[in-house]
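J.: predicted structure and sequence below. I'll ask about it afterward.
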Amino acid sequence: GPYGPRTMPSFARRALMLMVLLVAALPAGCVAFPRGEYWPKYESRLADGAQGAKPGAVTAALDWSSPAQAEALRARLREAVARRWSDDDLVVSARAMTPGAGRWVYTGAMRTLVWFYVDPVTYGDLVASGIESLRAALDDKTFREKFSAADDDTKRARFAEALEILFLKARAAHPIFACQAAEWLDVVMEKNRALLGLPDGAVVAEFLFGATDVLDPYTRFLTAEMDRGYTQQLEGLYSGIGASVAMHDGRVFLDEVFEDGAAAKAGLAPGDEIVSVDAKAVHGLGLAEVSRMLRGKAGTQVPVEVRSGGRGEPRALVLERTAIRLPAVRRAQMLEGEPGVGYLALAAFKSGTDKELRDAVARLSDAGAKALLVDLRGNPGGSLFQAVATAAVFLKDGRVLRTRGRAPGAGWTYNVPLFAHQAWTGPMVVLVDEHTASAAEVLAAALARRGRATLVGRRTYGKGAAQVNLPIAASDSAVCVTVARVYDPDDRCLEGAGLAPDTVVPAPTELPSTLVDDPVVRAGVAALRAQEAASSAHR
């Protein structure tokens, strides 16, 4: 041939090299070039859940043709818009974005969602979602305060009418390429310039965020700053007042105060109640929302009102946020008054969690621990790979979890790593609650289903969806996209159902003064003693 008997064309060499790389990446669970199967339908997922399981937050497939679902989607968009534009950094970014940059980012984000999202989605429905999100923004007070052009009632009404027509046309057009979806963004930006005059970046932002807001609660568009925060979270970096919070009867209390943080320097202690943050009362807000309000850039200040010990009159403080690296193992100690019982609280699954856990288990073993309480209450999860690595501390071999996704490669079975060392073989109990989620549920499920641990506490959150953070080429932004559902070793999906504990302990009405006074800890000790008694009876 023209290339000679021993010469391979350059394009063939590149194709072969790409194939080798793909094959090498698959054993690591790479989801960039996936294989797998579809999620079961939402209705069958709910039917698979244990009796008493709460419905999952993930909705059925995106469908604007159903009036009932369309109204539910619009309600979600309105809520997201009000929350989004309270962030002044986003406003600055929107004002600075150029149409060309916005179009590039939007095209990349849409391609990512259509290719990788766990349920089939179409460009037409994503474009329609962006248009509806922009319509919701026009009605939002916060949005109009940030962008004065939207304050003109007559112009705003004309633009909203144009958007309604474009919404219907976009859904009927059925675009099949990301570049075609971006053409609809161009049309809306042109209409905006002619009829209203919002910054182009505000239109782009609503198209981007609107497309992800209508999917599941975990898929989201990330600006450069959000992406940095996401990465820092996985690495255990934290910027805030230096304390974790817990909720009891709708009231928010400091659960743990970290050394060298602003809360510790101000003399705050566990059990102190947070009454307000930045002049906004926290009663009735979700725990995640309060945590978000307390966090922020290092060096910024946040006014708070605190009631010492949850009693008396609140006092006003101004705390300066600082950067802190949080340990994954927050507490590891022998339980007072309970000979041979070790206790450790695992707060997150981040880089290095398995090493921290092994070190903590070794210290407790050296201190005389014969039985172990692993506290996963309030643990929001983190890296699934770290969940597998930490499971290897307690399991000798076998399955930890399975993922199933639509894209090729998102379906994978994760076993205990081949050469991992089981550091703890004794009896153990895992403490869980409604804030135990994601990777924490994976660990709890693996230990419970494999017969290594008893679960004590309350039903877990029920997050059985795995995300991958995929950067958008030639930009600082990314899309955190749900690519798979997560299944326990018995092939039961965690999404929407969570884990039912073997021993249910109601939430306490007030914070326990000491660890041994905690009713969940006491129930855990009782479960350990029962395990020990059963083991002795079998000897």
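T.: The structure has been received and is ready for your questions.
J.: give me the beta-bridge partners of the spatially closest residue to residue 374 that is not a sequence neighbour?
T.: Closest residue to residue 374 apart from its sequence neighbours, by Cβ to Cβ, 6 or more residues apart in numbering: residue 430 at 4.9 Å. C-betas here are computed from N, CA, C, even on glycine. Counting by DSSP bridges, residue 430 forms beta bridges with residue 374, residue 455.
J.: next, count neighbours for residue 430.
T.: 30 (other Cβ atoms under 10 Å).
J.: please list all residues in contact with it.
T.: 374-376, 443-444, 447-448, 453-456 (Cβ atoms under 8 Å, 6 or more residues apart in numbering).
J.: now it: how far from residue 112?
T.: Separation of residue 430 from residue 112 (Cβ to Cβ, to the nearest Å): 36 Å.
J.: repeat for residue 75
T.: According to Cβ to Cβ, residue 75 stands 25 Å off from residue 112.
J.: same check on residue 515?
T.: 45 Å.
J.: just residue 120 next, same as before
T.: For residue 120 relative to residue 112 (Cβ to Cβ), the value is 14 Å.
J.: who has more neighbours, these two?
T.: Applying other Cβ under 10 Å to residue 120 and residue 112 shows that residue 112 carries more neighbours, namely 22 against 12.
J.: with adjacent residues omitted, what lies nearest to the more buried one?
T.: Excluding the flanking residues, the one nearest residue 112 by Cβ to Cβ, 6+ apart is residue 479, at 4.6 Å.
J.: number of nearby residues for that neighbour?
T.: Residue 479: 27 neighbours (other Cβ under 10 Å).
J.: my guess is it meets residue 113, correct?
T.: Yes: taking Cβ atoms under 8 Å as the definition, residue 479 is a contact partner of residue 113 at 6.7 Å.
J.: which neighbours do the two share?
T.: 212, 219.
J.: least confident secondary structure element in the chain?
T.: helix 42-48 (a mean of 30; mean pLDDT, DSSP states H and E).
J.: thinking again about what came up before, most neighbours of all the contacts of residue 430, which one?
T.: residue 443 (32 neighbours).
J.: assumed that one was part of a strand.
T.: No: judged by DSSP: H, G, I helix; E, B strand; the rest coil, residue 443 forms no part of a strand; its state is helix.
J.: element containing the residue nearest to it when sequence neighbours are not counted?
T.: For residue 443, ignoring the flanking residues on the chain, the nearest one in space by Cβ to Cβ, 6+ apart is residue 387 at 5.1 Å. For residue 387, the element it lies in under DSSP states H and E is helix 384-394.
J.: please enumerate residues in contact with the helix or strand following that helix?
T.: Using DSSP H and E, the helix or strand that follows helix 384-394 in sequence is strand 399-404. Outside of strand 399-404, the residues within contact range by Cβ under 8 Å, 6+ apart are 29, 36-39, 384, 387-388, 391, 410-416, 442, 445-446, 466, 484-489, 491.
J.: recalculate using a threshold of 6 Å.
T.: 36-37, 388, 391, 411-415, 442, 446, 466, 484-487, 489 (Cβ atoms under 6 Å, 6 or more residues apart in numbering).
J.: same thing with stretch 459-472?
T.: Here stretch 459-472 has contacts from 31, 56, 105, 108, 112, 218, 384, 403, 432, 434, 436-438, 441, 478-480, 482-486, 493-500, using Cβ under 6 Å, 6+ apart.
J.: any quick PyMOL command for the buried ones out of those?
T.: In PyMOL syntax, the buried subset of the contacts of stretch 459-472 is picked out as below (16 or more other Cβ atoms under 10 Å):
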select buried, resi 31+56+105+108+112+218+384+403+432+434+436+437+438+441+478+479+480+482+483+484+485+486+493+494+495+496+497+498+499+500
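J.: which of the contacts of stretch 459-472 fall in helices?
T.: Among those, the subset assigned to helices under DSSP state H consists of 105, 108, 112, 384, 441.
J.: least confident of these?
T.: Ranked by pLDDT, the ones in helices among the contacts of stretch 459-472 bottom out at residue 384, which has 91.
J.: ok, now how distant is it from residue 453?
T.: For residue 384, the distance to residue 453 - Cβ to Cβ - is 19 Å.
J.: if we can go back for a sec, and the angle for the helix holding residue 387 with strand 399-404?
T.: On the basis of axes from the mean of the first three to the mean of the last three Cα atoms, to 10 degrees, helix 384-394 is oriented at 160 degrees to strand 399-404.
J.: summarise which helices and strands helix 384-394 is packed against.
T.: When contacts are defined as 3 or more Cβ pairs under 6 Å, 6 or more residues apart in numbering; DSSP states H and E, helix 384-394 sits against helix 353-366, helix 439-449.
J.: closest to residue 101 out of these?
T.: helix 439-449 (34.6 Å; Cβ to Cβ).
J.: neighbouring contacts of the closest one?
T.: So helix 439-449 is contacted by 349, 376, 379, 381-382, 384, 387, 390-391, 394, 400-401, 430, 432, 453, 455, 460, 488-490, 494, 499 (Cβ under 6 Å, 6+ apart).
J.: now swap in stretch 202-214 and tell me
T.: Residues outside stretch 202-214 that contact it (Cβ under 6 Å, 6+ apart): 62, 73, 77, 80, 94, 97, 102, 106, 109, 126, 129-130, 133-134, 137, 147, 185, 188-189, 192, 219-221.
J.: in this protein, spot the strand with the most residues.
T.: Secondary structure of the chain per DSSP state E: the longest strand is strand 478-487.
J.: quick one: distance of the helix or strand just after that strand to the chain centre.
T.: Proceeding N to C from strand 478-487, the next assigned helix or strand is strand 503-504, under DSSP H and E. Taking Cα atoms, centre = their mean, to the nearest Å, one finds the center of strand 503-504 at 26 Å from the center of the full chain.
J.: continuing past strand 503-504, what's the next helix or strand?
T.: Immediately after strand 503-504, counting by DSSP H and E, sits helix 519-538.
J.: give the buried residues for that following helix.
T.: 520-525, 527-528, 531-532.
J.: next: stretch 409-427.
T.: Here stretch 409-427 shows 409-412, 414-416, 420, 423-424, 426-427 as buried, counting by 16+ other Cβ under 10 Å.
J.: re the thing from before, count of residues packed around the residue nearest to residue 443?
T.: By other Cβ under 10 Å, neighbour count at residue 387 equals 26.
J.: roughly how far apart are it and residue 428?
T.: 16 Å.
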